[in-house]
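1. need the 3D shape of this:
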Amino acid sequence: MPTDPSANKPSAPATPDLPGRAAYTQFADRYSQMAPEKPHNALYERPATAELLGDVAGLSVLDAGCGPGIVSAELAHAGATVKAFDVTPAMVELARERCADLPVDVAQGDLGQPLAWLADGQFDRIVCSLALDYVEHLSPTFAEFHRVARPGAQLVFSMAHPMRDWIDTRTRGNRPYFETTRFGLHWGGFGEPKPYVEAYRRPLADIVNALLETGWQIDRMLEPKPVAQMKAVAPALYNELALAPAFLCVRARRV
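-> Predicted coordinates:
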């Protein structure tokens, strides 16, 4: 469930809940309709994630935190067999609708909990697109990914860039860079009413060390640049993202 840096001013917290589920229930339909072409997603994060994933034809892929099934559908069209899950019931239904005629099995599940319905050593690829920002502790999640991955499998994930979020005082508050901080913002770009979205900001070392401690070997890291097409459709955003990254994309291998 992707994050969106085009956020407005912070507000009072939403009803206590899992950050992702509470947020995306508010605007699941709008997100599903807009994210396929929204520049942050279609011309920035998804191309970088697809580059790291490479050819998936004939592979078994887990789409963890699948949202409305945009990536799941792309994977299936590229020849993969996909299992997908999301914590938000509305997103699960939207993903099932989008992938109804494709080799995609969608379930409800929480990235912050054991993936008990998935067998050991099941997947060639695991993709987690902009969903880990809603998980407070990454090590248990990476450990579960390691369990369900086959030897030599690859994990590809994207997150908000730790330094980008640190520069923004709305996300760091008055706490040190080295702490994990839960914050909330009203997002622009998805119509009215603006959804209030909570997530976690954490230091880069916590992301890297959580991977290494759970048996993953980092293979490649991208601080993506916007694709050239964005310059025509969203020039201000293109200039912003060409100057500094908003997201971090990582590929790791199971060892």
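
2. and the most centrally placed residue in the chain, how far from Leu241?
-> For the chain, the residue nearest the mean C-alpha position is Leu130 (1.5 Å; Cα atoms, centre = their mean). Look at Leu130 and Leu241: by Cβ to Cβ, to the nearest Å, they are 15 Å apart. Backbone N, C-alpha and C define where each C-beta goes, glycine included.

3. give me the distance between the residue nearest to the centre of the chain and Ala119.
-> Taking Cβ to Cβ as the measure, Leu130 falls 26 Å from Ala119.

4. pretty sure Ser32 sits against Glu93.
-> No: Ser32 is not in contact with Glu93 according to Cβ atoms under 8 Å; the separation is 9.8 Å.

5. which regions of the stretch 151-255 of the chain sit below the pLDDT cut-off?
-> Along the stretch 151-255 of the chain, the model assigns pLDDT under 70 to no residue.

6. what about the helices in it?
-> 162-167, 169-172, 204-213, 230-233, 235-243 (DSSP state H, counting those that start in this stretch).

7. using JSON lines, lay out the ones you listed together with distance to Leu62 and mean neighbour count.
-> Converted to JSON lines, these look like this (distance: least, Cβ to Cβ, whole Å; neighbours: other Cβ atoms under 10 Å):
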{"stretch": "helix 162-167", "distance to Leu62": "25", "mean neighbour count": "17"}
{"stretch": "helix 169-172", "distance to Leu62": "29", "mean neighbour count": "15"}
{"stretch": "helix 204-213", "distance to Leu62": "16", "mean neighbour count": "16"}
{"stretch": "helix 230-233", "distance to Leu62": "29", "mean neighbour count": "14"}
{"stretch": "helix 235-243", "distance to Leu62": "28", "mean neighbour count": "14"}
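
8. out of the ones you listed, nearest to Gln113?
-> Proximity to Gln113, assessed across the helices of the stretch 151-255 of the chain by Cβ to Cβ, is greatest for helix 204-213 (16.2 Å).
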